[in-house]
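>>> give me coordinates for this.
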Amino acid sequence: MPKPRKSQVSLEDTPYYHCVSRCVRRSFLCGIDSYTGNSYEHRRAWVEERLLWLSTIFAIDVCAYAVMSNHVHLVLCVDKDKALSWSDKEVLMRWHQLHKGTLLSQKFARDEVLSDSELISLKETLVIYRKRLYKMSWMMGSLNEHIARQANKEDGCTGRFWEGRYKSQALLDESAVLACMAYVDLNPIRSKIASTAETSHHTSIKQRTHAVTQNKPQPYRLMPFVGNPRQDMPKGLAFSLKDYCDLVNTTGRVIRADKAGHIDYAQSPILNRLGISEEQWLTLTTEFEQHFCYAAGAEQVMNNFKTHTHRQRIGGMGMAKRLLT
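This is a model prediction of the structure:
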């Protein structure tokens, strides 16, 4: 039986979540249908463009993504404080890019004078809108509904396009976040639709590696890597972008069936810092979803998450002890 979303999300424990949406239709979300021969490759761009656009509206950062043939992987970071810092006008400006709002919100956006009773009503509405702008369920709904409508229009049909609710996993520490990001970025390589990270189309790693090789700034619609922890740490992922790209590229070459090799632990600053062995890393980046259900992290943070979400037990505890010490 599906678990209520409140038992899967705990911002008290972590802002990072792995989300997966799967297509229910045999004709695929993207890719080429082997039965009919029809190509749906162009839909990958639909998903990617919509996702990155939504990241400019919601107080939710995209850390990693991969658009596959019949599912989409995302690693998201919820920034509740950012949403709470927005002015009322900015909340409405963002919300109106997605929805029409109400007559009162439209009047307020046009700087028209509102009566005291109208202002009270508007304030109540703004509380709701502000909360929705840092809710993953609203962002995922804005992504999935839009894509479903486009696909149904193109296919000339109606009905369900996605399996149902998206799946979410809480990523409780930096080891889990990093491993899940790499797992998502390496999806095309494991599926044998790409041979290297830099040729994995419609993934975050392709955008990041392109920025590194071209000496360009980091993609502004993706959560940035800001280097190792230090004083006055800016917001972002606490690793070096070059180290991460090198690690993912090396891992991708290792897990290819036609390549033999290993990750040189001494040459991987990230693994060295996290204390993760080559064997643990390869298991995490190839089998992440198999070993963790609603949350991933070290044993102590898994126990904290279990308490805060009022669970009696939580799957993956054994693997947390073995892989994420």
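>>> could you point out the helix or strand that follows the host helix or strand of residue 128?
If you go by DSSP states H and E, residue 128 is part of helix 116-132. Sequence order places helix 136-155 as the next helix or strand after helix 116-132, per DSSP H and E.
>>> tell me the buried residues in that next one?
For helix 136-155, a neighbour-count test (16 or more other C-beta atoms under 10 Å) marks 136, 138-140, 142-144, 146-148, 151 as buried. Quick note: C-beta positions are derived from backbone N, CA and C, even for glycine.
>>> now swap in stretch 282-289 and tell me
Applying a neighbour-count criterion of 16+ other C-beta under 10 Å, one finds 282-286, 288 buried in stretch 282-289.
>>> what sits up against that stretch?
With C-beta atoms under 8 Å, 6 or more residues apart in numbering as the test, stretch 282-289 has contacts from 18, 20, 169, 179-180, 182-183, 186, 190, 251, 254-255, 263, 276, 291, 296, 323-324.
>>> endpoints of stretch 307-314, how far apart?
End-to-end distance for stretch 307-314, by C-alpha to C-alpha, to the nearest Å: 10 Å.
>>> among the contacts of stretch 282-289, which ones are buried?
With burial judged by 16+ other C-beta under 10 Å, the buried subset of those is 18, 20, 169, 179-180, 182-183, 186, 190, 251, 254, 263, 276, 291, 296, 323-324.
>>> could you point out where the stretch 151-300 of the chain is predicted with low confidence?
Within the stretch 151-300 of the chain, the stretches with pLDDT under 70 are 256-262, 264-267.
>>> helix or strand for the nearest residue to residue 238 once chain neighbours are set aside, which one?
Leaving out its chain neighbours, the residue that sits closest to residue 238 by C-beta to C-beta, 6 or more residues apart in numbering is residue 229, at 5.1 Å. Counting by DSSP H and E, there is no helix or strand that carries residue 229.
>>> gap between residue 229 and residue 141?
As judged by C-beta to C-beta, to the nearest Å, residue 229 and residue 141 stand 35 Å apart.
>>> then residue 275?
In terms of C-beta to C-beta, residue 275 sits 38 Å off from residue 141.
>>> also residue 159?
Relative to residue 141, residue 159 is positioned 17 Å away (C-beta to C-beta).
>>> give me the contacts around stretch 203-221.
Stretch 203-221 has contacts (C-beta under 8 Å, 6+ apart) with 52, 55-56, 62-67, 181, 184-188, 197-200, 222, 224-225, 241-242, 244-245, 248-249.
>>> of the residues you listed, grab the buried ones for ChimeraX.
Those of these that count as buried under 16+ other C-beta under 10 Å are selected in ChimeraX with:
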select :52,55,62,63,64,65,66,67,181,184,185,186,187,188,197,198,200,222,224,225,241,244,245,248,249
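>>> in strands only, show me the contacts of stretch 203-221.
62-67 (DSSP state E).
>>> what's the burial count for residue 231?
Look at residue 231: counted by other C-beta atoms under 10 Å, it has 4 neighbours.
>>> repeat for residue 316
By other C-beta under 10 Å, 19 other residues sit near residue 316.
>>> over to residue 103?
Neighbourhood size, residue 103 [other C-beta under 10 Å]: 9.
>>> just list the residues touching it, thanks.
By C-beta under 8 Å, 6+ apart, residue 103 lies in contact with nothing.
>>> how much space separates it from residue 89?
Going from residue 103 to residue 89 by C-beta to C-beta gives 17 Å.
>>> does residue 238 touch residue 224 like I think?
No - look at residue 238 against residue 224 with C-beta atoms under 8 Å: they stay out of range, at 10.8 Å.
>>> break the protein down into its domains, please.
Listed domain ranges for the chain are 6-81+135-316, 87-132 (source: automatic domain parsing).
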